[in-house]
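A.B. asks: I need the structure of the sequence given here:
(one chain, ligands or ions: 1)
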Amino acid sequence: MTLPNHFELLATDGAARTGRLTTPHGMVRTPAFMPVGTAGAMKGMHWREVREAGADIVLGNTYHLMLRPGAERIAALGGLQRFTGWNGPMLTDSGGFQVMSLADLRKVSEHAVTFRSHIDGAKVELSPERSIEVQRFLGSDIAMQMDECVRLPAERDDIERAMRLSLRWAERSKRAFESAPDGYMLFGIVQGGDIPQLRHASAQGLVEMGFHGYAIGGLAVGEPQAVMLAMIDETAPALPTDRPRYLMGVGTPDDILEAVKRGVDMFDCVMPTRNGRHGVAFTRFGQVNLRNARHADDPRPLDEASTWPSARNYARAYLHHLVKAGETLGAMLLSEINIAYYQFLMQGIRDAIAHGTFEEFYQRTRADWSRGDI
Ligand SMILES: Nc1nc2c(CCNCC3CCCCC3)c3[nH]c(NCCc4ccccc4)nc3cc2c(=O)[nH]1
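C.D. replies: Numbers count the residues shown, from 1 in each chain. Next up, the predicted model:
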């Protein structure tokens, strides 16, 4: 059954696309980078700064929130937007990927993933039906199917087993989602590891079922960038052009630029906030590790031409000091500087595609990153 389409393609330039995704909590401009909130907050930042930096949509954290404070409790309090104060669009992952990454004593069966809560050790069962129920309780605008993602490198048999299980779970997720009000979306997730035929089979199976959008999963799990990009080349053309494509867990600015060039519309990654907390700044001219002693006497700001005040107004020497001293302000400033840079990059990408100048933007941006004089 074909689901309604809430995505509007505005322009294309080669395989790159720019568009708009309408959700119950607002509009999302694509290509979009979605900052990752952890347990209902953007570590070290106020939502006001996330919005001012240019983010239209953020990720909520199904795995953490269902364990604490609990999905039913958040629903009783009005849903994630009211609970957290972020009043814009939210996307939530299904939780299965995090269970496999974070939980201990986890087990995958046909029915569900079971694991021990890292908070109180309680046994938890996450089925496709429960994952959809949790995401509905959280009130997210875009829910993800429950899937099984295999780390790479992996045996073909294991990749195929997980891909076929994920297709069966896609069917169950879609059936469980059917009662959602109009406007709320469910994305399928393409699996298939680094094997083209399995990628095609997964994409075809999902497209036949019909979803509001399609995620490319099973990547950024240990494979070289070249393998990730090759799998995007295999997968994107097998997906409908009029629906959004979301590359999960990606990535560095370079990953994002390469994936946009290949037709990807949405991204999420913990890197800007996580690297920020570890003293690494993303700038127009590449990454700067402010823990490095070479910054101790440097009065220059990170980027005097930046659109983001904190990247213009603080000396590298000061940021170096904050990071070395373990001052919370250091993590806060670098988190917002990094989120702001990612959104600056996405705005540049959207403008370039809209003006048919993406190739020039791509070349100039990569040249700026490799100037190395930073
Ligand atoms: N369902 C599902 N999720 C995936 C995710 C989680 C995406 N972020 C969720 C978000 C929810 C809120 C809390 C945070 C996560 C992935 N993340 C990565 N690589 C990350 C690679 C990476 C990059 C930087 C640092 C660490 C790891 N590959 C992924 C593949 C899949 C997948 O097939 N299926």
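
A.B. asks: From here on, just use CA atoms for contacts and neighbour counts.
C.D. replies: Noted.

A.B. asks: Low-confidence bits of this structure, can you list those?
C.D. replies: Scanning the chain with the threshold set as pLDDT under 70 gives 1, 373.

A.B. asks: Tell me the residues of it that contact the ligand?
C.D. replies: Applying Cα under 6 Å from any ligand atom, we find that the chain lies next to the ligand at 36, 38, 59-61, 93-94, 96-97, 147, 149, 217-221, 248-249, 251, 268-271.

A.B. asks: List only buried entries from these.
C.D. replies: Those of the residues of the chain next to the ligand that meet the buried threshold are 36, 38, 59-61, 93-94, 96-97, 147, 149, 217-221, 248-249, 251, 268-271, by 16 or more other Cα atoms under 10 Å.

A.B. asks: Run through the residues that contact the residue nearest the centre of the chain.
C.D. replies: When Cα atoms, centre = their mean is applied to the chain, the residue found nearest the centroid is Asp268 (1.4 Å). Asp268 makes contacts with 33-36, 59, 247-251, as judged by Cα atoms under 8 Å, 6 or more residues apart in numbering.

A.B. asks: again, but for Pro35
C.D. replies: Pro35 makes contacts with 42, 55, 57-59, 268-270, 339, as judged by Cα under 8 Å, 6+ apart.

A.B. asks: Arg245 touches Asp265, doesn't it?
C.D. replies: Yes. Using Cα atoms under 8 Å, Arg245 makes contact with Asp265 at a distance of 5.3 Å.

A.B. asks: In the sheet, which residues pair with the closest residue to Gly251 other than its chain neighbours? Tell me.
C.D. replies: Excluding the flanking residues, the one nearest Gly251 by Cα to Cα, 6 or more residues apart in numbering is Cys269, at 5.4 Å. With DSSP bridges as the criterion, Cys269 is bridged to Pro35.

A.B. asks: surely Cys269 meets Pro253?
C.D. replies: No. Between Cys269 and Pro253 there is no contact under Cα under 8 Å: 10.4 Å.

A.B. asks: anything in contact with each of those two?
C.D. replies: Residues touching both Cys269 and Pro253 (Cα under 8 Å, 6+ apart): none.

A.B. asks: which SSE is the nearest residue to Asn292 once chain neighbours are set aside in?
C.D. replies: In space, and not counting its chain neighbours, Asn292 is closest to His320: 7.5 Å by Cα to Cα, 6+ apart. Under the criterion of DSSP states H and E, His320 resides in helix 316-325.

A.B. asks: Break down the stretch 201-350 of the chain into its strands, ranges please.
C.D. replies: Secondary structure of the stretch 201-350 of the chain, counting by DSSP state E, counting those that start in this stretch: strands at 213-216, 245-247, 266-269, 280-283, 286-289.

A.B. asks: partners of the fourth one, with directions?
C.D. replies: Strand 280-283 has its sheet partners listed here by DSSP bridges as strand 286-289 (antiparallel).

A.B. asks: Give me the residues contacting the strand it pairs with.
C.D. replies: 279-282, 368-372, 374.

A.B. asks: and of those, the nearest to Ala354?
C.D. replies: Asp368 (21.5 Å; Cα to Cα).

A.B. asks: Touching, the closest one and Asp254? I think so.
C.D. replies: No. Using Cα under 8 Å, Asp368 makes no contact with Asp254, being 11.6 Å away.

A.B. asks: so who does whichever residue of the stretch 251-374 of the chain sits closest to the ligand touch?
C.D. replies: Taking Cα to the nearest ligand atom as the measure, the stretch 251-374 of the chain has Met271 as its residue closest to the ligand, at 4.9 Å. For Met271, the contact set (Cα under 8 Å, 6+ apart) comprises 251-252.

A.B. asks: what about Ala154, neighbour count?
C.D. replies: Ala154 has 11 neighbours, counted by other Cα atoms under 10 Å.

A.B. asks: ok, it to the ligand distance?
C.D. replies: Computed as Cα to the nearest ligand atom, to the nearest Å, the Ala154 to the ligand distance reads 14 Å.

A.B. asks: Check Glu125 too.
C.D. replies: With the distance defined as Cα to the nearest ligand atom, Glu125 ends up 16 Å from the ligand.

A.B. asks: Leaving out chain neighbours, which residue sits closest to that residue?
C.D. replies: Closest residue to Glu125 apart from its sequence neighbours, by Cα to Cα, 6+ apart: Thr114 at 4.3 Å.

A.B. asks: pretty sure that neighbour contacts Lys107?
C.D. replies: Yes. Under the criterion of Cα under 8 Å, Thr114 makes contact with Lys107 at 5.2 Å.

A.B. asks: the more surrounded of these two?
C.D. replies: With neighbours defined as other Cα under 10 Å, Thr114 and Lys107 compare such that Thr114 has more, 21 against 14.

A.B. asks: partners of the helix or strand in which the more buried one is found, with directions?
C.D. replies: Per DSSP H and E, Thr114 falls inside strand 113-116. Next to strand 113-116 in the sheet, as set by DSSP bridges, lie strand 104-108 (antiparallel), strand 123-126 (antiparallel).

A.B. asks: most neighbours per residue, which of these?
C.D. replies: strand 123-126 (a mean of 16; mean count of other Cα atoms under 10 Å).

A.B. asks: need the next SSE after that one, C-terminal direction.
C.D. replies: With DSSP H and E, the next secondary element past strand 123-126 is helix 128-138.

A.B. asks: Can you show me the strands along the stretch 51-200 of the chain?
C.D. replies: With strands called from DSSP E, counting those that start in this stretch, the stretch 51-200 of the chain shows them at 58-60, 90-92, 104-108, 113-116, 123-126, 142-144, 185-190.

A.B. asks: Using JSON lines, lay out the ones you listed together with distance to Gln343.
C.D. replies: JSON lines is the format used below for those (distance: least, Cα to Cα, whole Å):
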{"stretch": "strand 58-60", "distance to Gln343": "12"}
{"stretch": "strand 90-92", "distance to Gln343": "16"}
{"stretch": "strand 104-108", "distance to Gln343": "35"}
{"stretch": "strand 113-116", "distance to Gln343": "35"}
{"stretch": "strand 123-126", "distance to Gln343": "33"}
{"stretch": "strand 142-144", "distance to Gln343": "20"}
{"stretch": "strand 185-190", "distance to Gln343": "23"}
